[in-house]
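Q: Starting from these lines, generate the structure:
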Amino acid sequence: MPAAPRERRAARHASTSAEPEPKPRKEPITIDRITDAALQVVATEGYDALTVRRVTAVLGTGPSSLYAHIVNKEDLDDLLIGRLCAQIELPEPDPATWQQQVLDVYGQIRDLYLKYPGVSRAALAMVPTHLETLRVSEGILAILLAGGIEPQTAAWALDSLTLYVTAYAWEVSLVRQRQQHGGEWVLSREDLIERFTALPEGKFPRTRQYAAELTAGTGHDRFDFMVNLITRNLAGEAPEGP
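A: Below is the predicted model:
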């Protein structure tokens, strides 16, 4: 049954007199939002997927909006590493425990890199300019100097240790990525030992004999060993095994 004329008129008046709802204002593009979006891409899709275009898609905007805040992809890398470094807790340098402090700080960096697959690549060949990245470098340098390390040696040790943790995290990320895609190129320790001990003894006597030692280590044993090896040598101590 059609509506009565009065009802139709009331409905018409209600629809014409009501003010249209205002369109929601877009949240402004900021450096923090750009960094959040970039980290989201890396966390869900891996570092290889990170591009300016991909970040703009996450933000629902166009490239020009990003280029008002960043210069290029390398600028995104700087923002990513800076954001991660902001989470690093730096201790007050202690001459008595400086070696453990170095290991602890680099352990934090390692774990943050591994949280975002492949992001450590962003730190390679980078000249740090982000204040948070520089804060971490300053903190590590302060720890090394507190340990009595000569300034030039401390500076190069900082560079070497940082390069090592970056490469270590990248390799672990690659292994995890390959495991997720079938893992046919990732061998277990048992497989490696079997392959090493099956090698011709005349050509690979040491590899066969020390197959267990070559494949030893769980978790981050090798990481801890390397960082400790460097700091003990800096202090003039005899290197120790794992």
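Q: only C-alpha atoms for contact and neighbour calcs from this point on.
A: Noted.
Q: Name the next helix or strand downstream of the helix or strand containing Tyr168, please.
A: Here Tyr168 is covered by helix 151-180, with elements defined by DSSP states H and E. Next helix or strand after helix 151-180 toward the C-terminus (DSSP H and E): helix 189-197.
Q: buried stuff in that next one?
A: Using 16 or more other Cα atoms under 10 Å as the burial criterion, the residues of helix 189-197 that qualify are 189, 192-193, 196-197.
Q: now stretch 86-97
A: Neighbour-count burial for stretch 86-97, counted by 16+ other Cα under 10 Å, picks out 88, 90, 93-94.
Q: which helices and strands sit right next to the helix holding Tyr168?
A: Where contact means 3 or more Cα pairs under 8 Å, 6 or more residues apart in numbering; DSSP states H and E, helix 151-180 is packed against helix 98-115, helix 131-146, helix 221-234.
Q: helices and strands of the protein: which one has the lowest mean pLDDT?
A: One helix or strand of the chain scores below all others by mean pLDDT, DSSP states H and E: helix 5-17, with a mean of 52.
Q: Just after it, pick out the following helix or strand.
A: Assignment by DSSP H and E places the next element after helix 5-17 at helix 31-45.
Q: Alpha carbons of that next one, as PDB, please.
A: In PDB, the C-alpha atoms belonging to helix 31-45 read as follows (Å, rounded to 0.1, in the frame of the first residue of the first chain):
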ATOM      1  CA  ILE A  31      57.400  11.000   9.000                       C
ATOM      2  CA  ASP A  32      56.100   8.700  11.800                       C
ATOM      3  CA  ARG A  33      53.200   7.400   9.600                       C
ATOM      4  CA  ILE A  34      55.600   6.800   6.700                       C
ATOM      5  CA  THR A  35      58.000   4.900   9.000                       C
ATOM      6  CA  ASP A  36      55.000   2.900  10.500                       C
ATOM      7  CA  ALA A  37      53.900   1.900   7.000                       C
ATOM      8  CA  ALA A  38      57.400   0.900   5.900                       C
ATOM      9  CA  LEU A  39      57.800  -1.300   9.000                       C
ATOM     10  CA  GLN A  40      54.400  -2.800   8.300                       C
ATOM     11  CA  VAL A  41      55.500  -3.700   4.800                       C
ATOM     12  CA  VAL A  42      58.700  -5.300   6.000                       C
ATOM     13  CA  ALA A  43      57.000  -7.200   8.800                       C
ATOM     14  CA  THR A  44      54.300  -8.700   6.600                       C
ATOM     15  CA  GLU A  45      56.000  -9.000   3.200                       C
END
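Q: List the buried residues for it?
A: For helix 31-45, a neighbour-count test (16+ other Cα under 10 Å) marks 34-43 as buried.
Q: Buried ones in the next helix or strand after it, by neighbour count?
A: Once helix 31-45 ends, the next helix or strand along the chain (criterion: DSSP H and E) is helix 52-59. Across helix 52-59, burial judged by 16+ other Cα under 10 Å covers 52, 55-56, 59.
Q: pLDDT averaged over helix 52-59 - what is it?
A: What helix 52-59 shows for mean pLDDT is 93.
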